[in-house]
Structures are given as structure tokens and as C-alpha cells.
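>>> A predicted structure for the sequence below; I have some questions about it.
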Amino acid sequence: MADMTIPVIRTAVVPVSEVLDLRWQVLRPGLPRESAAFPEDGDPAAFHIAAYEGDDPAVLGCGTFFPEPFPGPAPGPLPGSTASAYRFRGMASAPAARGRGYGAAVLRAGAAEAAARGAGLLWCNGRTPARGFYERQGFAVHGEEFEIEGVGPHLVFVREARGTRQARRAGAVGGPP
């Protein structure tokens, strides 16, 4: 019988050095390692979330969060102003961990930390193929698809930093929200 154990996912705020290798391997394969370093990494208000399986030190998911105004007026009924928005980028999951809740855990932890720091909105330029993942986490598409040269098609995704009931349900796999 196959092992049906749900992993215990642990998240932590970590230094950028902890997430850089996974970010590079997943998001910038074939490019120099320094291509995975972002200008926002040096922002003192930025923080990085890593996800792990239990006590294993291998980073299986990551994301970087930093204050950046939402590009344009806050969409629809979302509260918050452009001054209280946090953007995230560098979302990555190790190939063996995909579909197991690590990305959702990174978003939950990052959203909670951003909200604790005063964010009303959470947004990103996400890869178009990840649309379903972001929508399951309570994000809505804002605007039209655009191309980032050398990376591919993207959409802007946005939601309340505190999340929605749907996002909390969707991210409940593998541990408490």
C-alpha cells in the first residue's frame, strides 16, 4: 500500500541566502546564479519565506515579499490603498514538492507576515501557467496578460493580504494556516 502521509509543512522567515538556490534552480535554470538575485532582496522591509518538510533543512518552497504600491487603483471591493500593498516574487517549489502544499504554505505565511506589517493588498506578476494555483489561493487577475522577456507570459494577481475564506480552505493541506 502506498504511503498516504500528509507532510508536515513548516515555514519560516529566513535570510535571502536560504532561498536563493531554489529560486535559481526553478526560476532561472541555465542562467548565472546571480540572475536569481532581485533588487528587492536588499530592501530592509523585504522578507523571505521558506517552506520545509518537518525538520528537514532542505528548502522545498520559497517566496520573497516586499512593500510596493499596487500598479493602479485598488481593484474592485478590495480594501487597502496603494501605500499598503506588498508585492511578492520569486515563488518557487522544488519539482518533487509540487502539488503537495508547499507553495500554498509559503503564500499563507507570507500573507500573514505582510498583513502583520500593515499590508492591505498582496499582489504579484505571476506566470500565466500558474493562474489556477493563484486563483485557488484567493487571487484575482487584474488586467491583461503581458510578456516578460526571457521569462514568458505573466498576469497580475491580487487579493487582500489577510486572505479569504476560500484561500484559507485551499491552503489547509499539510498543517494549520
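Done, it's in.
>>> going forward, measure contacts between C-alpha atoms and count neighbours the same way
Will do.
>>> what packs against whichever helix in the chain runs longest?
Criterion DSSP state H: the longest helix present in the chain is helix 102-116. Packing partners of helix 102-116 (3 or more CA pairs under 8 Å, 6 or more residues apart in numbering; DSSP states H and E): strand 9-14, strand 47-53, strand 61-67, strand 85-93.
>>> please state the offset of it from the chain centre?
Per CA atoms, centre = their mean, to the nearest Å, the displacement of helix 102-116 from the mean C-alpha position of its chain is 7 Å.
>>> and that helix, which residues are buried?
Within helix 102-116, the residues that count as buried by 16 or more other CA atoms under 10 Å are 102-115.
>>> returning to what we had before: okay if I get the helices and strands packed on helix 102-116 as TSV plus mean neighbour count?
Putting these into TSV (neighbours: other CA atoms under 10 Å) gives the following:
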stretch	mean neighbour count
strand 9-14	19
strand 47-53	25
strand 61-67	26
strand 85-93	24
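>>> got the ones you listed as a markdown table, with distance to V151 and mean pLDDT columns?
Formatted as a markdown table, the helices and strands packed on helix 102-116 follow (distance: least, CA to CA, whole Å; pLDDT from 0 to 100):
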| stretch | distance to V151 | mean pLDDT |
| --- | --- | --- |
| strand 9-14 | 26 | 96 |
| strand 47-53 | 21 | 97 |
| strand 61-67 | 17 | 96 |
| strand 85-93 | 12 | 94 |
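>>> turn those into CSV, columns for distance to L22.
Listed next are the helices and strands packed on helix 102-116 as CSV, based on distance: least, CA to CA, whole Å:
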stretch, distance to L22
strand 9-14, 13
strand 47-53, 10
strand 61-67, 8
strand 85-93, 7
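>>> mind checking those strands for the one nearest to A140?
Closest approach to A140 among the helices and strands packed on helix 102-116 (CA to CA): strand 85-93, 14.2 Å.
>>> now do the closest one: which elements does it pack against?
Counting contacts by 3+ CA pairs under 8 Å, 6+ apart, strand 85-93 packs against helix 16-27, strand 61-67, helix 102-116, strand 121-127.
>>> partner strands of that strand, with direction?
Strands adjacent to strand 85-93 in the sheet, as given by DSSP bridges, are strand 61-67 (antiparallel), strand 121-127 (parallel).
>>> tell me who's in contact with A112.
161-162 (CA atoms under 8 Å, 6 or more residues apart in numbering).
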